[in-house]
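Asks: sequence first, then the predicted structure, then my questions.
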Amino acid sequence: MEDTPTEEVLEQFVDFVTKTDEEIAEEGRRKEKKTTELKLYIAANRGFSPDALGETIQDLLVSDDLNKSPRDFFESHSFSVDSINADASLLVISTPKYNRKDEFLLINEGEYLKVLTVVRRSIAKDTIEKLIQYLPQLDRIFLTSEDLRELVEENEKRDLSGFTAKYEPFFKDEYISVQVHGGSDEHLDKVQDDFDARAKRVVFSQRNSPAEAVKGTVNQDGYASIPRVRSGSGEVGLETIENVVEACQTKDKENFKVEHRPERLTPGDHYFLSQVTLDESTDGNETDGGLPEPLRDSDQGSVLDGLTICIFEEEIEDEEYPDQDAVAGSLEEDVLEYKQRYRYSSIGENHYLVYDGDRGQSFEIVVSNKDLKVYSRNNTTQEGLRDFYQIIDGEFNSSYRIEKTSKKMRA
C-alpha cells in the first residue's frame, strides 16, 4: 500500500458506500442501510505526527498530569500506524477486550488532520473520537449554525434536505429541539422564525445533472458523514469530500484564527519612544504588554501591535431579552463562575479579563447590548477562542453567530 496516491485510497472509501438505484430504493422500503456510513473527522493539528503516535502516547503515560480516563483508554488499546504516502497513513486501533481491530485513514496536511473510517459510529466514539480528544496536539473544529447553512447554500449543486435545529437561551427555562427530514431552506427559515432554533446538524443532497448523486451530513463538532453515493457518481463523491473538508477548515480559520494580537515589543523598537526611559519608569506597575505604565502611556505603539476581535452576535428579536447588565450577570454565573477552567476579574462595566486555566491563556470580554465581544490578548490562541465559543454555544446561548475582525495597527 506504500506510495499509493491518497485519491486512490479515498476512492475505496467512496466505493464502500456506493449504491445502485435499486439498492437505494430497497433501503428506502426497508428503512435500513446495508452498509455503515463513511465518516469524516476534522481536527486542528498543532504538531501531531501520525508516525510518532507511539512515542506521543508513551510520553503521555509517563506524565503525572494524565487523568484517569485517557490513561485507561491508552492502556486498554493498542495502536499501529503504517505509512501510505507522504500525507496519508493507515491507523489500526486494537481493542483486546473485544478482540477487535478497527481501521482509520489519517490524512495529515498542514494545519488540519482528517480522519476517514467506515466503522460503526458507536465504535468510532470509543476509539478514534477518544484518541483525538486525548491527544493534546489535536482539537476537533467547531462550526457555527451559520457555517452549516453556508456549507449547503454556497454550492449551487447542493440542496438542504434535512436538519436538526436547537434553541436553548440563557434567559428562559426553555429547550427546543426540532428534527426535520426532507426539509428545505424555507423550512429552516420557518423554524428560526417560529422557534428561534438554529441548525446544529444539516443533511444535504449533492446533485449531478439533475439526479441526487451524494447524500451527506455535517455536524457542528467537526464531524461529517456520507451515507451513500449513487452508482456512477464516484467523482462527485470525491469532490464532495474534498469540498466539505476545505470549507470546514476555511470557516474555522475565518472564525477563530488570531492573525494579529497585542504583542510585547522591546522598548527601543520605535525611535520616537519619548524621554521616558525604562530606568525612569521601573517603579510603575507592569502592563499586560510587559511595559511599565509610564512607558505605556508615553508610547502606546510599543504595546498594541494588532488586535483580533471575535464578536458573538445575537440576532434574535425577543421582548423578554434582557439588557446588557443582565446578560453580563448571566455570563458570570453560568460560564465564568460555573466552568472551573476559567478565572476572571471585572476591569470595567460589563468588561472582564478571563484566564483559561486549561489553555494557559487569557482574553477579554465586553458585553455590548446582546453581543459578546471577545478581544485577544498577547497569548490568546485559535484553540482558546474555539473552546470558548463551543462552551457558549452549548451551555449558555445557542444562537450566536460570529463576526471576526483582525487588524495590524498602531495605537
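Replies: Good, I have the coordinates.
Asks: for the rest of this, base every contact and every neighbour count on C-alpha atoms.
Replies: OK.
Asks: give the buried residues for the longest helix along the chain.
Replies: Of all segments of type helix in the chain, defined using DSSP state H, the longest is helix 234-256. Buried residues in helix 234-256, counted by 16 or more other CA atoms under 10 Å: 234, 236-238, 240-241, 244-245, 248-249, 251-252, 254-256.
Asks: name the next helix or strand downstream of the least confident helix or strand in the chain by mean pLDDT, please.
Replies: Here the helix or strand of the chain ranked lowest by mean pLDDT, DSSP states H and E is helix 293-298, holding a mean of 45. Counting by DSSP states H and E, the next helix or strand C-terminal to helix 293-298 is strand 306-314.
Asks: direction included, what does that next one pair against?
Replies: strand 371-376 (antiparallel), strand 400-408 (antiparallel) (DSSP bridges).
Asks: and of these, who's closest to I141?
Replies: Nearest of the strands paired with strand 306-314 to I141, taken as CA to CA: strand 400-408 at 14.6 Å.
Asks: and that closest one, what's buried?
Replies: Those would be 400-402, 404-406, for strand 400-408 by 16+ other CA under 10 Å.
Asks: which ones are touching the nearest residue to A86 once chain neighbours are set aside?
Replies: Excluding the flanking residues, the one nearest A86 by CA to CA, 6 or more residues apart in numbering is D3, at 7.7 Å. Contacts for D3 (CA atoms under 8 Å, 6 or more residues apart in numbering) come out as 84-86.
Asks: in a helix, D3, correct?
Replies: No. In this structure, D3 is coil, not part of a helix, as judged by DSSP: H, G, I helix; E, B strand; the rest coil.
Asks: can you tell me how far it is from D87?
Replies: Separation of D3 from D87 (CA to CA, to the nearest Å): 10 Å.
Asks: so where's the protein shaky on pLDDT?
Replies: Along the chain, the parts satisfying pLDDT under 70 run over 1-2, 34, 263-305, 409-411.
Asks: count the residues that sit near the closest residue to F48 other than its chain neighbours.
Replies: Computed as CA to CA, 6+ apart, the closest residue to F48 that is not its neighbour in sequence is Q137, at 5.5 Å. By the measure other CA atoms under 10 Å, the count of residues near Q137 is 15.
Asks: now the phi/psi pair for Q137, please.
Replies: Note on Q137: its backbone torsions stand at phi -80, psi -10 [degrees, to the nearest 10].
Asks: quick one: contacts for it?
Replies: By CA under 8 Å, 6+ apart, the neighbours of Q137 are 45-48.
Asks: mind checking which of the residues you listed are buried?
Replies: 45, 48.
Asks: now the helices for the stretch 301-411 of the chain?
Replies: 324-331, 382-395 (DSSP state H, counting those that start in this stretch).
Asks: can you tell me which of the ones you listed is nearest to A165?
Replies: Comparing the helices of the stretch 301-411 of the chain by CA to CA, helix 382-395 comes nearest, at 12.6 Å.
Asks: list of residues touching the closest one?
Replies: Contacts of helix 382-395 (CA under 8 Å, 6+ apart): 139, 141-142, 256-258, 334-335, 356, 359, 361, 398-400.
Asks: hey, what's I402 bridged with?
Replies: Residues in beta-bridge contact with I402 (DSSP bridges): F312.
Asks: could you list every residue that touches it?
Replies: 144, 255, 310-313.
Asks: the contacts of helix 382-395 into TSV, with extra columns for distance to A224?
Replies: Below are the contacts of helix 382-395 laid out as TSV (distance: CA to CA, whole Å):
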residue	distance to A224
D139	16
I141	12
F142	12
F256	20
K257	22
V258	25
D334	30
V335	28
D356	29
R359	27
Q361	30
S398	20
S399	21
Y400	22
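Asks: can you flag the buried ones in the residues you listed?
Replies: Judged by 16+ other CA under 10 Å, buried ones among the contacts of helix 382-395: 139, 141-142, 256-258, 335, 356, 361, 398-400.
Asks: identify the farthest-apart pair in the residues you listed.
Replies: Q361 and S399 (25.8 Å).
Asks: now do the SS call for F163.
Replies: strand.
Asks: that one against A197, yeah?
Replies: No. If you go by CA atoms under 8 Å, F163 and A197 don't touch, sitting 11.0 Å apart.
Asks: count the residues that sit near S330.
Replies: Residues near S330, counting by other CA under 10 Å: 17.
Asks: same check, this time on E11
Replies: Based on other CA under 10 Å, the number of other residues close to E11 is 14.
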